[in-house]
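A.B. asks: pasting the structure only:
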């Protein structure tokens, strides 16, 4: 098998241009993969499997649809004449004509392109994206239960170790529990260590992989990330400063709007350490005090390891102490030094179906510094 890259380079007069071409192709493929994950509904999607039946049944039963902007849900008004006309076209296997719309129960027009392709239509919903966290939660609980059984006790002490140093210690740990949604929104914490005698839980945010580019982001910047992040002055300044790099477009009514171009990502280093820490630990971040679902005690990446460390005495009774490690661990209140490549930064990218801060096809997030390629630093 020939080395195609070498062969093409030998025939390409400008190797720098070739390198840039490869980078551009890589970016387009990256965007295409992410767009598939976030795809909206379309006539093509409704033609697959039983999707059209599922779609029509949801409307008939007044069930809500999630918007592809992921910032709300709508119910389609099945009795509205414009909705009936739109659904009639879909039922005949044709795309609704330009200008045709469905109407929501709150009186707003909507088309398929505004609706999110959730798991019931073959999309990848929230559970898909947190499956690694679900696996890590189960793995950690298995380790703890095995330790409790081996120590012949009802609870264990866990020391959290990073780079050979103890960065946190929690006693009376009995297992791992799930973290529930807050007002329908996923919290920062993915799961928590449960402790006996009413002691505060230890809230953990888990990231997949072993490197900064192995997980999606530290935090979003929409209202779901929390008001402290969404309304932060540094966020507002970044959004304003990226506008000159966006494409100006005009809609069918002559109204101008901004659109994020393909093949571009705009980044900026975050100056406020507090904002960086909120992106990692949650919107309610504080240095001290008890943790909570949006003020995590630990951020862990990769699979856990739990080994017997020592035997200590508490109130004269021996207790087995276990050391918890993972690929990377960050403890709340542990300072503002980040492992290489992990410092939180602002990054925009093209994302079909998204419209963050009113800019069409833009998704803006806080990523690890080496979590995503940045084409333009500002």
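C.D. replies: Here it is on my side, so go on. Quick caveat, the model's predicted, so the values are computed rather than measured. Numbering: from 1, shown residues only.
A.B. asks: C-alpha only now, for contacts and for neighbours.
C.D. replies: Will do.
A.B. asks: for the helix or strand harbouring residue 44, packing partners?
C.D. replies: Using DSSP states H and E, residue 44 sits in helix 43-46. Counting contacts by 3 or more CA pairs under 8 Å, 6 or more residues apart in numbering; DSSP states H and E, helix 43-46 packs against helix 51-60.
A.B. asks: Need the contact partners of the helix or strand just after the helix it packs on.
C.D. replies: Using DSSP H and E, the helix or strand that follows helix 51-60 towards the C-terminus is strand 65-66. With CA atoms under 8 Å, 6 or more residues apart in numbering as the test, strand 65-66 has contacts from 72, 73, 74, 75, 115, 116, 118.
A.B. asks: In strands, which of those appear?
C.D. replies: Restricting those to those inside strands, with DSSP state E as the criterion, leaves 73, 74.
A.B. asks: Now list the buried members of the contacts of strand 65-66.
C.D. replies: If you count burial by 16 or more other CA atoms under 10 Å, the buried members of those come out as 74, 75, 115, 116, 118.
A.B. asks: wait, which of those residues is closest to residue 268?
C.D. replies: Nearest to residue 268 out of those is residue 116 (CA to CA; 29.5 Å).
A.B. asks: Just the pLDDT at residue 79, thanks.
C.D. replies: The per-residue pLDDT reported for residue 79 equals 95.
A.B. asks: tell me the secondary structure for it?
C.D. replies: Under the three-state scheme (DSSP: H, G, I helix; E, B strand; the rest coil), the conformation of residue 79 reads as coil.
A.B. asks: what's the distance between it and residue 102?
C.D. replies: Distance check for residue 79 against residue 102: by CA to CA, to the nearest Å, it reads 10 Å.
A.B. asks: go on, residue 117?
C.D. replies: Relative to residue 102, residue 117 is positioned 17 Å away (criterion: CA to CA).
A.B. asks: For the stretch 101-250 of the chain, which segments count as strands?
C.D. replies: If you assign secondary structure with DSSP state E, counting those that start in this stretch, the strands in the stretch 101-250 of the chain sit at 102-103, 109-110, 156-162, 165-178, 191-195, 202-207, 219-220, 247-250.
A.B. asks: which one of those strands lies closest to residue 60?
C.D. replies: The closest approach between residue 60 and any of the strands of the stretch 101-250 of the chain, judged by CA to CA, belongs to strand 102-103 at 13.3 Å.
A.B. asks: Strand partners (parallel or antiparallel) of that closest one?
C.D. replies: Each strand pairing with strand 102-103, determined using DSSP bridges, is listed with its direction: strand 109-110 (antiparallel).
A.B. asks: Give me the phi and psi for the residue nearest to residue 370 when sequence neighbours are not counted.
C.D. replies: When the adjacent residues along the chain are set aside, residue 370 lies closest to residue 341, with 4.7 Å between them (CA to CA, 6 or more residues apart in numbering). The main-chain torsion angles of residue 341 are listed as degrees, to the nearest 10 and equal phi 90, psi -10.
A.B. asks: mind checking pLDDT for residue 341?
C.D. replies: pLDDT for residue 341: 94.
A.B. asks: what does residue 49 give?
C.D. replies: The model reports residue 49 with a pLDDT of 61.
A.B. asks: domain ranges for the protein?
C.D. replies: Residue ranges for the domains of the chain, per automatic domain parsing: 43-122, 130-212+278-331, 217-274+342-377.
A.B. asks: If you average the pLDDT over the longest one, what comes out?
C.D. replies: I take that to be domain 130-212+278-331. According to the model, domain 130-212+278-331 has a mean pLDDT of 87.
A.B. asks: Can you give the contact residues for the helix holding residue 44?
C.D. replies: Applying CA under 8 Å, 6+ apart, the contact partners of helix 43-46 are 51, 52, 55, 90, 93, 94, 95, 112, 121.
A.B. asks: Show the buried residues in the residues you listed.
C.D. replies: A residue is treated as buried here by neighbour count (16+ other CA under 10 Å); on that basis the buried members of the contacts of helix 43-46 are 51, 52, 55, 90, 95, 112, 121.
A.B. asks: Specify the angle between the helix or strand containing the fourth one and helix 51-60 in degrees.
C.D. replies: Spelled out, that is residue 90. Using DSSP H and E, residue 90 falls within helix 81-91. Relative orientation of helix 81-91 with respect to helix 51-60: 160 degrees, computed using axes from the mean of the first three to the mean of the last three CA atoms, to 10 degrees.
A.B. asks: can you pull the buried residues of helix 81-91?
C.D. replies: Applying a neighbour-count criterion of 16+ other CA under 10 Å, one finds 82, 83, 84, 86, 87, 90 buried in helix 81-91.
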